[in-house]
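Chemist: After the sequence you'll find the predicted model.
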Amino acid sequence: MTTFYYSPSVNGFYNSDVYAAENLPLDAISLSKERYEELRDGQSGVKRIALNANGVPALVDVVVDDEQMAANRERYWRDTEIARIQWLRERHRDELELSSPTSLTAEQYVELLAYLQLLRDWPQSDNFPDQDFRPVKPEWIVEQINP
């Protein structure tokens, strides 16, 4: 008969069909099959597993404060912005390696690299996650993206 376990230290499940008892984390807690399925299936964006006051794994609501939500949104914006423009850097590098005429001037390329670095550093800024202080995109980038 399979025994299921939950380990708080790794936030993961184990079962005796795959893991021998000596290979389980020291904090592994034995679960019934029903409890295992309830915990496994109950995890979502709004629920997570945590130990209750009795040290038993339970589903609890995920609480995210407004500041964390704002930071998450800004990181998403930043990551999306980097993904949207990094092809410009790649194209310029490829053109240089092929000894082809470049689509960007040397000055534009330096501005692009500086903007990418500002985006990478944005989460460490004192003004993060205030959208009013986002790194400012050089205007010519818009023309390259939407000709």
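Modeler: That came through, no problem.

Chemist: Now stretch 121-131: average pLDDT?
Modeler: For stretch 121-131, mean pLDDT is 96.

Chemist: cool, stretch 5-13 as well?
Modeler: Averaging pLDDT along stretch 5-13 gives 92.

Chemist: which of the residues in it are buried?
Modeler: Of the residues in stretch 5-13, 5, 6, 7, 13 count as buried by neighbour count, 16 or more other Cβ atoms under 10 Å. The way it works is simple: take the backbone N, C-alpha and C, and place the C-beta from them, glycine included.

Chemist: repeat for stretch 116-136
Modeler: For stretch 116-136, the neighbour count (16+ other Cβ under 10 Å) marks 116, 119, 122, 128, 129, 134, 135 as buried.

Chemist: what does stretch 66-77 give?
Modeler: Neighbour counts using 16+ other Cβ under 10 Å place residue 74 of stretch 66-77 among the buried residues.

Chemist: so where do the strands sit in the chain?
Modeler: Per DSSP state E, the chain carries strands over the ranges 4-7, 12-15, 29-31, 47-51, 57-61.

Chemist: Could you say which of those strands is packed most deeply?
Modeler: strand 4-7 (a mean of 20; mean count of other Cβ atoms under 10 Å).

Chemist: which neighbours does that strand have in its sheet, and in what orientation?
Modeler: In the sheet, strand 4-7 lines up against strand 12-15 (antiparallel), strand 29-31 (antiparallel) (DSSP bridges).

Chemist: can you put these in a markdown table and add distance to residue 72?
Modeler: Formatted as a markdown table, the strands paired with strand 4-7 follow (distance: least, Cβ to Cβ, whole Å):
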| stretch | distance to residue 72 |
| --- | --- |
| strand 12-15 | 24 |
| strand 29-31 | 30 |
